[in-house]
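In: Just to be clear, the model below is a prediction. Sequence and coordinates:
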Amino acid sequence: MKSKGQVFIWSLFDFANSSYAVIIVAFVFAVYFTDVICMKQPIGDFYWSLGINISMAVSAVLNPVCGAIADRSSNKKSFLLFFTVLAVIPTALMYFTGPGTVLFALFLFIVSNVGFQTGLTFYDAFISDIVDEKYYNMVSGIGYAVGYIGSLVSVVLVFPFKDRPDLLFVITSVFFLLFSLPLFLFLKEKKNRSDSGGEKINYFTFGFAKVFDTIKHIGKYRNLRNYLIAFFLYIDAVNTIIFFSGIYASRSLAFSITELAIFFIIVQITAMLGSFLFGYIGNKAGILRSIVITLVFWILIVVSIFLFIEKDSYVTVAGMKIHLFFIIGGFAGTFLGSTQALSRALMTKITPLEIKTEFFGFYALFEKTSTLLGPLTFGLVSWLSGSQKLAILSVGLFLLSGMIMLKKVREEKT
């Protein structure tokens, strides 16, 4: 494979942004927001779900426009730099949040998450600039692997700063910026022919026209339509579990920051292993059947949390007392990595080549907007019932609905 150096430089951005994904979205700031900023009030879950919904909705609207720019423009690096700065600066400003600063903290999170989520569109578009088509899947996998390593490093940083989360937010922003710099300084960007002919194009109009055209034609591809609906439902539940796992462990199980860090280390390691394991199982048993298997286990995980997980749910393993939630977290991590990898693989397999780019843009749009229902349902149920257990159980309905919808999907191009 040519351009190994360029692949390494590109993958460092995945290493960089993983710090934001773990420390801000999934772990430290999520818990800090509900426990400190919202002072452990039940409505804190609803506020956090609101922040997730707003930021992901804005990113979903921007995504087709940015996809059009990424396809047509030779200036992806400048746009990626803009959205990276949009993520980094508000993350550093989280240092100034504290008890009662709900609106300020929500604003910072929404802006930073829009920058993080939208920038990924341009980052992904660089793959075709650095390697030939036959290496796309391999390089994408390298990016995921380097990202998992970055996640592990980020979680380790929590230990020395467990009593100063405000400083950890600043460190996360510096980590993100520092390891993304090689991409902006050294990565080569190909000149796009469609961008060199002097033709003026309104990217905003072009992006939305492309989405509406896809919606208009999706009825012709019933199998793809059914899969996208199923994907929307079950990935919504998976993303909700990611967004609220740290908050649940902190509030309902009274986990300390150290225990939370250990929990997320377990999740990251098992997610990496799960991606490899189900890559093999998917080849043997079929991708669609493998996705159904992972969803069955996700439902069992949700039900197990509802029935068996309490503050004092400890078990003895090899002479050590371990909280049952750590074990469930290991299983969740295994099926987290596998569900994401298998879903993308199935989309690739059932999409005809001539519409692959168009429908993968729609796939990304569904993934972004799928975070609207689950987190809002979790936040509302938690707030109205005062029970995070009931909130977690409600997420299982999305998993079940997605699995039922998958019965209408065939594992073949149509």
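Out: Okay, I see it.
In: from what I can see residue 244 touches residue 46, true?
Out: No. Here residue 244 does not reach residue 46: they are 11.5 Å apart, not a contact under C-beta atoms under 8 Å. C-beta coordinates here come from the backbone N, C-alpha and C atoms, glycine included.
In: Look at these two and report which has more neighbours.
Out: Under the criterion of other C-beta atoms under 10 Å, the comparison of residue 244 against residue 46 puts residue 244 first, with 27 against 21.
In: What segments of this protein are strands?
Out: Along the chain, counting by DSSP state E, strands occupy 314-317, 320-323.
In: Can you lay out those strands as CSV showing mean neighbour count, distance to residue 257 and mean pLDDT?
Out: As requested, those are exported to CSV (neighbours: other C-beta atoms under 10 Å; distance: least, C-beta to C-beta, whole Å; pLDDT from 0 to 100):
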stretch, mean neighbour count, distance to residue 257, mean pLDDT
strand 314-317, 11, 19, 82
strand 320-323, 12, 15, 88
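In: Which one, of these, ends up nearest to residue 58?
Out: Comparison of the strands of the chain against residue 58 by C-beta to C-beta identifies strand 320-323 as nearest, at 36.9 Å.
In: So which of the strands of the chain is nearest residue 265?
Out: With C-beta to C-beta, the closest approach to residue 265 among these belongs to strand 320-323: 13.7 Å.
In: Give me the contacts around that closest one.
Out: By C-beta atoms under 8 Å, 6 or more residues apart in numbering, the surrounding residues in contact with strand 320-323 are 253, 255, 259, 313-316.
In: again, only using 7 Å
Out: 313-315 (C-beta atoms under 7 Å, 6 or more residues apart in numbering).
In: for stretch 382-396, same thing?
Out: Identification of contacts with stretch 382-396 by C-beta under 7 Å, 6+ apart yields 42-43, 45-46, 237, 240-241, 248, 251-252, 299, 302-303, 305-306, 374, 377-378, 381.
In: Put the buried members of those into a PyMOL selection.
Out: Under the burial definition 16 or more other C-beta atoms under 10 Å, those of these that qualify are selected in PyMOL by:
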select buried, resi 42+45+46+237+240+241+248+251+252+299+302+305+306+374+377+378+381
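In: I figured residue 187 hits residue 6, correct?
Out: Yes. Between residue 187 and residue 6 there is a contact at 6.3 Å, judged by C-beta atoms under 7 Å.
In: So which of these two has more stuff around it?
Out: The neighbour comparison of residue 187 against residue 6 (other C-beta under 10 Å) goes to residue 187, with 21 against 18.
In: mind checking the end-to-end distance for stretch 126-144?
Out: Its start and end residues considered, stretch 126-144 measures 15 Å (C-alpha to C-alpha, to the nearest Å).
In: Please disregard the earlier target; I meant stretch 313-322.
Out: End-to-end span of stretch 313-322 (C-alpha to C-alpha): 9 Å.
In: before we move on, what about stretch 27-43?
Out: Span of stretch 27-43 from end to end, C-alpha to C-alpha: 18 Å.
In: cool, and stretch 359-378?
Out: First residue to last in stretch 359-378 (C-alpha to C-alpha) measures 29 Å.
In: Could you give the separation of that stretch from the chain centroid?
Out: Distance of stretch 359-378 from the chain centroid (C-alpha atoms, centre = their mean, to the nearest Å) equals 10 Å.
In: Average pLDDT for it, rounded please.
Out: Regarding stretch 359-378, the rounded mean pLDDT is 75.
In: Lowest-scoring secondary structure element of the protein by mean pLDDT?
Out: helix 356-369 (a mean of 69; mean pLDDT, DSSP states H and E).
In: What segments of the stretch 251-400 of the chain are helices?
Out: Along the stretch 251-400 of the chain, counting by DSSP state H, counting those that start in this stretch, helices occupy 257-285, 287-308, 324-350, 356-369, 373-385, 388-405.
In: Save those as JSON lines, and put in distance to residue 61 too.
Out: Below are the helices of the stretch 251-400 of the chain laid out as JSON lines (distance: least, C-beta to C-beta, whole Å):
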{"stretch": "helix 257-285", "distance to residue 61": "29"}
{"stretch": "helix 287-308", "distance to residue 61": "28"}
{"stretch": "helix 324-350", "distance to residue 61": "22"}
{"stretch": "helix 356-369", "distance to residue 61": "9"}
{"stretch": "helix 373-385", "distance to residue 61": "17"}
{"stretch": "helix 388-405", "distance to residue 61": "22"}
